[in-house]
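Enquirer: just coords:
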């Protein structure tokens, strides 16, 4: 089997596929890409048995065939070549591969394509279509709030809830929560499923701008189809916590402040916070927000004052500064509103002005004020 292709085009496609390859594969063949040539089309597949990717590209070829190619050595070779045509010659008898560039020849040992795991089949009737920009935005806003605790399996992923004309995307680690709602969708499905964090990160990196994405799903898998690429993942089989139950409905104190100014202030103040709690306190009065942190163990202390708009009773409340910085970093609007009730109840953070058709709610649990640890 022989084919030729642009090195840059091939590198672009294997970059999409390589996200599916795990760092410690359970089988040696999972360190490979599966190359399948049919006519003038090369299909590249990769999998870690949980997430699988299949992407297609045009090539010059006069023979069909398949081979499994070690991913790392191929990736490193293509990265180190300037853009040029490269030729692949595969001896299907022993799966040896020879790559030819204008600089020379590179030989490597492939593996039998028949040993490569098969791609999951999309036997499902549930399908919706979304714009890639919307999905990208959803993952951008929610991924940071997922948990790393494998004992709370549901929280390690992102919940997607389809409710006829809206999509609700949720993530939480029990300290912070993000609920992002998109309205006005044309979809008839009512369903919910939990996507693994790895899949969301892969999609975030691989999705082209402003492209239609077809999402189909069944009880065990979800499939994302866009351009020449299909990404399949095994869904997280766990019950997602009742997140609506933790969102307070009565937070009468509202603080509106410039997002960028508060973010910069928090980055400076957090340097002086206790390294265990990352506690940063907000002291709020009419027209004035004082941000403080202290680390009693090292006699470190910092204070800054910001202008704000405040409606309610004067209030002091402390949060994990690291979490607040993460939240404000993924928001893009100029001004944000904190809705607060008391120092020991969760605070709600919203954009001061919502984007039409979208509703973003972030929740953060407080930490108790005046603890040195």
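Expert: Yes, it's here. For clarity, every value in this text was computed on a predicted model and none was experimentally measured.

Enquirer: Only C-alpha atoms from now on, for both contacts and neighbour counts.
Expert: Noted.

Enquirer: Test my guess that residue 300 contacts residue 272.
Expert: Yes. Assessed by CA atoms under 8 Å, residue 300 is found in contact with residue 272 at 5.5 Å.

Enquirer: who's more crowded, the two?
Expert: Higher neighbour count among residue 300 and residue 272: residue 272, with 22 against 13, using other CA atoms under 10 Å.

Enquirer: circling back to that earlier point, common neighbours of residue 300 and residue 272, please.
Expert: residue 294 (CA atoms under 8 Å, 6 or more residues apart in numbering).

Enquirer: how about the helices of this protein, start to end?
Expert: Using DSSP state H, the helices of the chain run over residues 7-18, 71-79, 132-142, 197-206, 259-269, 321-330.

Enquirer: Tabulate those (JSON lines), appending mean neighbour count and distance to residue 355.
Expert: As requested, these are exported to JSON lines (neighbours: other CA atoms under 10 Å; distance: least, CA to CA, whole Å):
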{"stretch": "helix 7-18", "mean neighbour count": "19", "distance to residue 355": "31"}
{"stretch": "helix 71-79", "mean neighbour count": "15", "distance to residue 355": "40"}
{"stretch": "helix 132-142", "mean neighbour count": "19", "distance to residue 355": "12"}
{"stretch": "helix 197-206", "mean neighbour count": "19", "distance to residue 355": "21"}
{"stretch": "helix 259-269", "mean neighbour count": "18", "distance to residue 355": "16"}
{"stretch": "helix 321-330", "mean neighbour count": "18", "distance to residue 355": "15"}
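
Enquirer: Spit out the contact partners of the closest residue to residue 106 other than its chain neighbours.
Expert: In space, and not counting its chain neighbours, residue 106 is closest to residue 99: 5.1 Å by CA to CA, 6 or more residues apart in numbering. Contact analysis of residue 99 by CA under 8 Å, 6+ apart lists 86-89, 105-107.

Enquirer: quick one: contacts of stretch 226-243?
Expert: Contacts for stretch 226-243 (CA under 8 Å, 6+ apart): 50-57, 120, 153-155, 157, 159, 193-196, 199, 207, 211-214, 219-225.

Enquirer: just to revisit the earlier point, now the helices of the chain as a markdown table including mean pLDDT and distance to residue 39?
Expert: Formatted as a markdown table, these follow (pLDDT from 0 to 100; distance: least, CA to CA, whole Å):
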| stretch | mean pLDDT | distance to residue 39 |
| --- | --- | --- |
| helix 7-18 | 96 | 17 |
| helix 71-79 | 97 | 22 |
| helix 132-142 | 95 | 30 |
| helix 197-206 | 94 | 26 |
| helix 259-269 | 98 | 54 |
| helix 321-330 | 97 | 44 |
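
Enquirer: Could you say which one of those helices comes nearest to residue 176?
Expert: helix 321-330 (7.4 Å; CA to CA).

Enquirer: Give the other helices and strands that the closest one contacts.
Expert: helix 259-269, strand 358-364 (3 or more CA pairs under 8 Å, 6 or more residues apart in numbering; DSSP states H and E).

Enquirer: Next, the angle from the first one to helix 321-330.
Expert: Here helix 259-269 runs at an angle of 150 degrees relative to helix 321-330 (axes from the mean of the first three to the mean of the last three CA atoms, to 10 degrees).

Enquirer: wait, which of the helices and strands packed on helix 321-330 is closest to residue 136?
Expert: Of all the helices and strands packed on helix 321-330, strand 358-364 comes closest under CA to CA, at 13.9 Å.

Enquirer: Show me what counts as buried in that closest one.
Expert: 359-360, 362-364 (16 or more other CA atoms under 10 Å).

Enquirer: now swap in stretch 56-69 and tell me
Expert: 56-61, 66-69.

Enquirer: start to end distance for it?
Expert: One end of stretch 56-69 to the other measures 16 Å (CA to CA, to the nearest Å).

Enquirer: Surely residue 176 is in contact with residue 361?
Expert: No. Judged on CA under 8 Å, residue 176 makes no contact with residue 361 at a distance of 10.8 Å.

Enquirer: Can you give me the end-to-end span of stretch 53-73?
Expert: 19 Å.

Enquirer: again, but for stretch 218-232
Expert: End residues of stretch 218-232 are separated by 11 Å (CA to CA).

Enquirer: quick one: buried residues of that stretch?
Expert: Buried, per 16+ other CA under 10 Å, within stretch 218-232: 218, 221-226, 229-232.

Enquirer: follow-up on the earlier one: quick one: which of the helices of the chain is nearest residue 126?
Expert: helix 132-142 (17.7 Å).

Enquirer: for that closest one, packing partners?
Expert: strand 166-172, strand 176-182, helix 197-206.

Enquirer: Outside of the last one itself, list whatever touches it.
Expert: Residues from elsewhere that reach helix 197-206 (CA under 8 Å, 6+ apart): 16, 19-20, 51, 135-136, 139-140, 143, 146, 156-158, 233.
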